[in-house]
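> structure, please.
(one chain, ligands or ions: 2)
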Amino acid sequence: MVFLMENRSADCINPGYQDLYLKEQLRVKELEAELQVVRDQSRTYSRELSHIYQHSKAKKKQLADTNAQLVKYASDLSTTFLNLKGAHKELQESYRDTIFRLVLASEYKDKDTGAHITRMSRFSIQLATKIGLSQSEIDNIGLAAPMHDVGKIGIPDQIILKNGMLTDNEFSVIKTHTTIGALILENSRASILQTARMIALSHHEHWNGYGYPAGSKGEHIPLAARIVALSDTFDALTSRRPYKSPYPVDIACELIKKERGKQFDPDLVDVFLNNIDDFVGIKREIDEIEPLISSYDFIWSERDTMFPIH
Ligand SMILES: [Fe+2]
Ligand SMILES: [Fe+2]
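Ligands and ions are numbered 1, 2, ... in the order given. Next up is the predicted model:
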């Protein structure tokens with residue numbers, strides 16, 4: 001249309017239309033100029049779009065690479081975590097085993113058995129759980145409790161192995177197993193050994209302040225030591241010892257009840273007695289023999305007539 005109009009002479013157009021023709025031609029030129037501008041713009045946009053496309057393509061690849069890298073890191077991390085978990089478990093087991101053997105070495109002298117260590121440790125865990133301690137505190141107490149009497153390794157055999165009554169002098173030597181134990185376990189950075197030291201030092205302290213070695217009172221006695229004191233005594237009362245027969249559970253409970261607020265933390269005694277079935281269950285599980293549940297004609301040990309508890 002433009003072509004046709006351009007090739008026609010203005011002279012051969014009717015003069016009435018000449019003005020209109022010239023206007024039309026002008027308009028055509030304007031349109032062509034606008035068209036050119038639009039074309040140029042389109043080219044520029046197209047170049048920019050191609051640029052953006054290339055850029056986003058590169059970005060997309062970069063993102064995909066980063067994502068793949070992250071997935072690999074996550075997988076490596078998970079493998080490392082599993083390896084660490086395995087190593088941690090193995091370390092914990094060897095730690096437990098070492099403690100058990102160390103304690104056996106000291107308890108061997110005292111003629112206590114490995115079963116005593118296992119039972120009193122399980123009782124301590126149970127009591128710590130029942131009073132709502134955190135899992136790490138419970139684990140610490142469970143691993144540290146077996147070391148409560150480790151200081152007995154420093155007590156002469158003739159006193160440790162004596163079956164009959166102890167003289168006052170012998171008893172004061174026995175008492176030093178608390179401070180000897182604390183010395184053996186001191187200056188460790190491991191929290192289990194720090195707890196173990198506290199327990200070894202304070203498991204013969206009494207709630208009323210009449211215990212040893214420091215005569216500490218009430219909540220000044222570390223909670224872990226109060227827990228172990230009760231668990232250890234319950235096990236000592238209900239087990240056979242060189243100087244005594246096992247006491248029935250109800251007699252042991254009576255003795256513990258009598259010491260509520262004297263030897264033992266009253267709140268711990270309440271929790272212990274309210275959950276006595278759990279503790280008897282643990283004893284049953286470890287000993288694989290029926291514990292003596294109720295009173296019978298048993299004989300008080302010579303020691304217990306003098307020192308009613310442990
Ligand atoms: Fe002790
Ligand atoms: Fe013990």
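
> from here on, contacts and neighbour counts on C-alpha atoms
Noted.

> any idea how far the residue positioned nearest the centre of the chain is from residue 214?
For the chain, residue 136 is the residue whose C-alpha lies nearest the centre (C-alpha atoms, centre = their mean; 4.0 Å). As judged by C-alpha to C-alpha, to the nearest Å, residue 136 and residue 214 stand 28 Å apart.

> need the contact list for the residue nearest to the centre of the chain.
By C-alpha atoms under 8 Å, 6 or more residues apart in numbering, no residues touch residue 136.

> tell me the pLDDT of it.
Model confidence at residue 136, given as pLDDT, is 94.

> now residue 65: which helix or strand?
Element membership of residue 65 [criterion: DSSP states H and E] is helix 15-110.

> which residues make contact with the helix or strand following that helix from outside it?
Next helix or strand after helix 15-110 toward the C-terminus (DSSP H and E): helix 114-130. Contacts to helix 114-130, defined as C-alpha under 8 Å, 6+ apart, come from residues 100, 104, 135, 138-139, 141-143, 145-146, 227-228, 231-232, 235-236, 268, 271-272, 278-279, 282-283, 286-287.

> same thing but at 7 Å, please
104, 138, 141-142, 145-146, 227-228, 231-232, 235, 272, 279, 283, 286 (C-alpha atoms under 7 Å, 6 or more residues apart in numbering).

> which ChimeraX command selects the buried ones in the residues you listed?
To isolate in ChimeraX the members of the contacts of helix 114-130 that are buried, counting by 16 or more other C-alpha atoms under 10 Å, one can use:
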select :104,138,141,142,145,146,227,228,231,232,235,272,279,283
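
> go through the contacts of helix 114-130 and say which is closest to residue 52.
Ranked by distance to residue 52 (C-alpha to C-alpha), the contacts of helix 114-130 are led by residue 138 at 60.9 Å.

> burial count for residue 187?
Neighbourhood size, residue 187 [other C-alpha atoms under 10 Å]: 11.

> now the residue lying closest to it once chain neighbours are set aside: phi and psi?
Leaving aside its sequence neighbours, residue 187 sits nearest to residue 194 (C-alpha to C-alpha, 6 or more residues apart in numbering; 7.8 Å). Here is the backbone geometry of residue 194 (degrees, to the nearest 10): phi -70, psi -40.

> tell me the domain ranges of the chain?
Domain assignment for the chain by automatic domain parsing gives 1-36, 114-306.

> and the longest one, how far out from the chain middle?
Computed by C-alpha atoms, centre = their mean, to the nearest Å, the chain-centroid distance of domain 114-306 equals 24 Å.

> now the angle from the helix holding residue 65 to helix 114-130?
Here helix 15-110 runs at an angle of 140 degrees relative to helix 114-130 (axes from the mean of the first three to the mean of the last three C-alpha atoms, to 10 degrees).

> does anything pack onto helix 15-110? Which helices or strands?
If you count contacts as 3 or more C-alpha pairs under 7 Å, 6 or more residues apart in numbering; DSSP states H and E, helix 15-110 packs onto no helix or strand.

> go with 10 Å
helix 2-6, helix 114-130, helix 135-144, helix 157-160 (3 or more C-alpha pairs under 10 Å, 6 or more residues apart in numbering; DSSP states H and E).

> tell me the most buried of these?
Greatest average neighbour count among those goes to helix 114-130 (a mean of 21), per mean count of other C-alpha atoms under 10 Å.

> using CSV, lay out the helices and strands packed on helix 15-110 together with distance to residue 178.
Formatted as CSV, the helices and strands packed on helix 15-110 follow (distance: least, C-alpha to C-alpha, whole Å):
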stretch, distance to residue 178
helix 2-6, 115
helix 114-130, 17
helix 135-144, 14
helix 157-160, 14
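
> which of the ones you listed comes out lowest on mean pLDDT?
helix 2-6 has the lowest average pLDDT among the helices and strands packed on helix 15-110, namely a mean of 47.

> how many neighbouring residues does residue 193 have?
Neighbour number of residue 193 under other C-alpha under 10 Å is 21.

> make that residue 38, sorry
12.

> so what's it up against?
By C-alpha atoms under 10 Å, 6 or more residues apart in numbering, residue 38 lies in contact with 32, 44.

> and what of the one 4 residues further on?
Counting by C-alpha under 10 Å, 6+ apart, residue 42 touches 36, 48.

> count of residues packed around residue 79?
Using other C-alpha under 10 Å, residue 79 has 12 other residues around it.

> now it: how far from residue 85?
Taking C-alpha to C-alpha, one finds residue 79 at 10 Å from residue 85.

> what does the model give residue 264 for pLDDT?
Confidence at residue 264, expressed as pLDDT, is 98.

> one more: residue 303?
You'll see residue 303 listed with a pLDDT of 56.

> what do you get for residue 36?
91.

> over to the one 10 residues further on?
Confidence per residue is given as pLDDT, and for residue 46 that number is 88.
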